[in-house]
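In: Starting from these lines, generate the structure:
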Amino acid sequence: MATSSVRGKSDPLNEDLTKAILGQIREDELIAMCSDVVNIPSPTGEELEMGRYLRTALEAAGLTVTCQEVEPGRANVLGLWEGAGNGKSLMFNGHMDTSNTGREEFLTGIGYKPKAIIKNGFIYGLGIYNMKGALVCYTQAIKALQRAGVKLEGDLLVAAVVGEIEKTQWSDEFVGKEFRGYGVGTHHLVSHGVLPDMCILGEPTDLQLVLGHYGTVWVRLSVHGHYVH
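Out: Residues are numbered from 1 along each chain as shown. Next up, the predicted model:
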């Protein structure tokens, strides 16, 4: 096993250590965890069971885990792998909620249901790419690093947050926790003391690096008058 540390620019990660880390990735564990998280329904407002699963998984990976209650029944899960204190802190952030509930009758494809299906080398299921798969990759990468004997100079955090999907309160119709998205979990995270030096989000970007996202504003316009074409 390699016992080198992850180092900075003056002493880059060497090829032998890279191979040692990659050699500790266990495909069967990765596939099993992907299937587990897909099989746990977690639409916006219903992330509790997903959070419980991830807390157990991160604790099993040796991280110190805390939970932040955003509101009753909804909590961010934060795992910490403490470094030696000589480097910057890095957070991997990912949301637990899914764009759909899985109960929509008009969405019938295998990728729209909270039931994992492995077909032709791919994993299908609600939320696997946006973005439960990233949360799995964070966890499995940490396990590979630890198996390879890597020691970190700075802290590494994994944040599984609630309420990222683009849903917000509107009038008397769209209210309740299922409409408290738009980054409510991450906003709570950083406004309650979790402020790493750097953050990476494993959102689907066709494997391209994206340095930031544009904000959005949702507007509903209502007008009165005669309907004409």
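In: The nearest residue to Tyr53 once chain neighbours are set aside - how many residues pack around it?
Out: Of all residues not flanking Tyr53 in the chain, Ile40 sits nearest, at 5.8 Å (CB to CB, 6 or more residues apart in numbering). Heads up, the C-betas are built off the backbone N, CA and C, glycines and all. As a burial measure, Ile40 scores 21 neighbours (other CB atoms under 10 Å).
In: so who does Ile40 touch?
Out: Under the criterion of CB atoms under 8 Å, 6 or more residues apart in numbering, the neighbours of Ile40 are Glu49, Met50, Tyr53, Pro114.
In: Work out for me the element it sits within.
Out: With secondary structure defined by DSSP states H and E, Ile40 is part of neither a helix nor a strand.
In: Look up how far Asp97 lies from it.
Out: 11 Å (CB to CB, to the nearest Å).
In: just Lys167 next, same as before
Out: With CB to CB as the criterion, Lys167 and Asp97 are 9 Å apart.
In: again with Leu152
Out: 29 Å.
In: and if you look at Leu30?
Out: Taking CB to CB, one finds Leu30 at 22 Å from Asp97.
In: more crowded one of these two?
Out: When Leu30 and Asp97 are compared for neighbours, Asp97 comes out ahead with 28 against 19, by other CB under 10 Å.
In: By residue count, tell me the biggest helix in this protein.
Out: When the chain is parsed with DSSP state H, its longest helix is helix 133-147.
In: which residues are in contact with it?
Out: Contacts for helix 133-147 (CB under 8 Å, 6+ apart): 1, 6, 21-22, 24-26, 29-30, 33-34, 37, 54, 57-58, 61-63, 81, 92, 94, 96, 123, 152, 156, 158, 160, 201-203.
In: and that helix, how far out from the chain's middle?
Out: Computed by CA atoms, centre = their mean, to the nearest Å, the chain-centroid distance of helix 133-147 equals 12 Å.
In: need the next SSE after it, C-terminal direction.
Out: strand 156-161.
In: What's the mean pLDDT across that next one?
Out: For strand 156-161, mean pLDDT rounds to 98.
In: Run the angle between it and helix 133-147 for me.
Out: 160 degrees (axes from the mean of the first three to the mean of the last three CA atoms, to 10 degrees).
In: and strand 156-161, which strands flank it?
Out: Strand pairing for strand 156-161, determined by DSSP bridges: strand 74-81 (antiparallel), strand 90-95 (parallel).
In: Tabulate the ones you listed (CSV), appending distance to Glu173, mean neighbour count and mean pLDDT.
Out: Listed next are the strands paired with strand 156-161 as CSV, based on distance: least, CB to CB, whole Å; neighbours: other CB atoms under 10 Å; pLDDT from 0 to 100:
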stretch, distance to Glu173, mean neighbour count, mean pLDDT
strand 74-81, 21, 23, 98
strand 90-95, 24, 24, 98
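In: No more questions from me, cheers.
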